[in-house]
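Enquirer: Fold the stuff below for me.
(one chain, ligands or ions: 1)
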Amino acid sequence: MKKQYKYRKYETIDNTGIDSVDNHHLKYVQQINDLVDILNGEKERKFMLTIFHNILYYAEIYFIEEEMFYQKNDYPNLISHKKQHREFVEKISYHREAFQNNEDDICVKMMKFLDRWYKEHILKEDKNATKDI
Ligand SMILES: [Fe+2]
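Expert: Numbers count the residues shown, from 1 in each chain. The predicted structure follows:
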(Lines give C-alpha, C1' and ligand atoms only; values in the text may rest on other atoms or scores of the structure.)
Protein backbone atom coordinates (compact mmCIF):
# COMPACT_ATOMS: atom_id res chain seq x y z
CA MET A 1 0.00 0.00 0.00
CA LYS A 2 1.21 3.45 -0.88
CA LYS A 3 2.36 5.57 2.04
CA GLN A 4 -0.24 8.12 3.14
CA TYR A 5 1.00 11.41 4.49
CA LYS A 6 -0.79 13.15 7.31
CA TYR A 7 -1.97 16.75 7.37
CA ARG A 8 -0.10 19.13 9.61
CA LYS A 9 -2.22 20.77 12.24
CA TYR A 10 -1.88 24.39 13.10
CA GLU A 11 -2.15 24.46 16.87
CA THR A 12 -3.46 27.66 18.43
CA ILE A 13 -1.10 26.96 21.32
CA ASP A 14 1.65 27.88 18.87
CA ASN A 15 0.20 31.35 18.33
CA THR A 16 2.56 34.20 19.02
CA GLY A 17 -0.40 36.45 19.84
CA ILE A 18 0.53 38.82 17.05
CA ASP A 19 -2.20 38.48 14.42
CA SER A 20 -0.13 39.30 11.33
CA VAL A 21 2.53 36.74 12.32
CA ASP A 22 -0.01 34.05 13.23
CA ASN A 23 -2.03 34.54 10.03
CA HIS A 24 1.06 34.02 7.94
CA HIS A 25 2.05 30.93 9.88
CA LEU A 26 -1.42 29.51 9.29
CA LYS A 27 -1.07 30.14 5.54
CA TYR A 28 2.29 28.42 5.62
CA VAL A 29 0.77 25.29 7.16
CA GLN A 30 -1.89 25.33 4.43
CA GLN A 31 0.88 25.13 1.84
CA ILE A 32 2.32 22.08 3.60
CA ASN A 33 -1.12 20.48 3.53
CA ASP A 34 -1.50 21.17 -0.19
CA LEU A 35 1.78 19.36 -0.60
CA VAL A 36 0.42 16.46 1.49
CA ASP A 37 -2.47 16.27 -1.01
CA ILE A 38 0.00 15.99 -3.89
CA LEU A 39 2.01 13.30 -2.09
CA ASN A 40 -1.18 11.36 -1.41
CA GLY A 41 -2.20 11.58 -5.05
CA GLU A 42 -5.21 13.78 -4.34
CA LYS A 43 -3.84 16.68 -6.32
CA GLU A 44 -1.83 16.56 -9.50
CA ARG A 45 1.93 16.97 -9.35
CA LYS A 46 1.73 20.07 -11.51
CA PHE A 47 0.25 21.93 -8.49
CA MET A 48 3.76 21.87 -7.04
CA LEU A 49 4.45 24.94 -9.17
CA THR A 50 1.61 26.77 -7.43
CA ILE A 51 3.05 25.79 -4.06
CA PHE A 52 6.49 27.09 -5.04
CA HIS A 53 4.91 30.27 -6.28
CA ASN A 54 2.81 30.74 -3.14
CA ILE A 55 5.72 30.10 -0.81
CA LEU A 56 8.09 32.41 -2.63
CA TYR A 57 5.39 35.07 -2.77
CA TYR A 58 4.68 34.50 0.91
CA ALA A 59 8.36 34.79 1.73
CA GLU A 60 8.85 37.98 -0.23
CA ILE A 61 5.96 39.82 1.42
CA TYR A 62 5.99 38.23 4.81
CA PHE A 63 9.68 38.19 5.62
CA ILE A 64 9.98 41.92 4.96
CA GLU A 65 6.93 42.58 7.10
CA GLU A 66 8.28 40.39 9.90
CA GLU A 67 11.78 41.89 9.75
CA MET A 68 10.37 45.42 9.92
CA PHE A 69 8.27 44.45 12.88
CA TYR A 70 11.26 42.98 14.74
CA GLN A 71 13.37 45.99 13.86
CA LYS A 72 10.75 48.35 15.23
CA ASN A 73 10.78 46.34 18.44
CA ASP A 74 14.60 46.23 18.70
CA TYR A 75 14.88 42.47 18.39
CA PRO A 76 18.57 41.76 19.12
CA ASN A 77 19.04 38.76 16.78
CA LEU A 78 17.66 40.46 13.72
CA ILE A 79 20.76 39.98 11.55
CA SER A 80 20.95 36.21 12.01
CA HIS A 81 17.15 35.99 11.68
CA LYS A 82 17.29 37.81 8.34
CA LYS A 83 20.04 35.45 7.21
CA GLN A 84 17.77 32.47 7.94
CA HIS A 85 15.02 34.07 5.86
CA ARG A 86 17.40 34.53 2.92
CA GLU A 87 18.58 30.93 3.18
CA PHE A 88 14.96 29.77 3.19
CA VAL A 89 14.28 31.57 -0.11
CA GLU A 90 17.45 30.09 -1.63
CA LYS A 91 16.45 26.58 -0.55
CA ILE A 92 12.94 26.94 -1.98
CA SER A 93 14.39 28.15 -5.28
CA TYR A 94 16.77 25.21 -5.24
CA HIS A 95 13.87 22.78 -4.69
CA ARG A 96 11.89 24.41 -7.48
CA GLU A 97 14.76 23.95 -9.88
CA ALA A 98 15.18 20.32 -8.81
CA PHE A 99 11.44 19.82 -9.37
CA GLN A 100 11.67 21.28 -12.87
CA ASN A 101 14.57 18.89 -13.53
CA ASN A 102 12.38 15.97 -12.41
CA GLU A 103 14.68 15.05 -9.58
CA ASP A 104 13.60 11.94 -7.65
CA ASP A 105 11.64 12.36 -4.44
CA ILE A 106 11.69 16.11 -4.68
CA CYS A 107 8.15 16.47 -3.29
CA VAL A 108 9.06 14.43 -0.22
CA LYS A 109 12.30 16.39 0.22
CA MET A 110 10.38 19.64 -0.07
CA MET A 111 7.89 18.54 2.56
CA LYS A 112 10.68 17.55 4.94
CA PHE A 113 12.29 20.92 4.40
CA LEU A 114 9.02 22.81 5.00
CA ASP A 115 8.34 20.75 8.12
CA ARG A 116 11.81 21.40 9.49
CA TRP A 117 11.42 25.12 8.88
CA TYR A 118 8.08 25.07 10.65
CA LYS A 119 9.54 23.34 13.71
CA GLU A 120 12.91 25.05 13.86
CA HIS A 121 12.20 28.54 12.59
CA ILE A 122 8.52 29.28 13.04
CA LEU A 123 7.99 27.48 16.33
CA LYS A 124 11.36 28.43 17.83
CA GLU A 125 12.95 31.48 16.23
CA ASP A 126 9.77 33.42 15.52
CA LYS A 127 8.32 32.49 18.86
CA ASN A 128 11.45 33.68 20.68
CA ALA A 129 11.49 36.88 18.69
CA THR A 130 7.89 37.71 19.57
CA LYS A 131 7.78 36.53 23.16
CA ASP A 132 8.94 39.80 24.76
CA ILE A 133 7.04 42.07 22.42
FE1 LIG B 1 11.15 34.55 10.84
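Enquirer: can you give me the mean pLDDT across stretch 110-127?
Expert: Stretch 110-127 carries an average pLDDT of 94.
Enquirer: for the chain, which spans come out with low pLDDT?
Expert: For the chain, the stretches flagged by pLDDT under 70 are 132.
Enquirer: all helices for it, in order.
Expert: Assigned by DSSP state H, the helices in the chain fall at 19-39, 48-72, 78-100, 106-117, 127-131.
Enquirer: what sits against L114?
Expert: L114 sits next to Y28, Q31, I32, L35, I55 when contact means C-beta atoms under 8 Å, 6 or more residues apart in numbering. To be clear about C-beta, it is placed using only N, CA and C from the backbone, and glycine gets the same treatment.
Enquirer: Now do the buried residues in stretch 38-51.
Expert: I38, L39, K43, M48, I51 (16 or more other C-beta atoms under 10 Å).
Enquirer: And the contacts of that stretch?
Expert: Outside stretch 38-51, the residues touching it (C-beta under 8 Å, 6+ apart) are 2, 4-5, 31, 34-35, 37, 96, 99, 107-108, 110-111.
Enquirer: so which of those is the most crowded?
Expert: Neighbour counts for the contacts of stretch 38-51 (other C-beta atoms under 10 Å) peak at M110, which has 25 neighbours.
Enquirer: wait, what's in contact with that one?
Expert: When contacts are counted by C-beta under 8 Å, 6+ apart, M110 touches L35, M48, I51, H95, F99.
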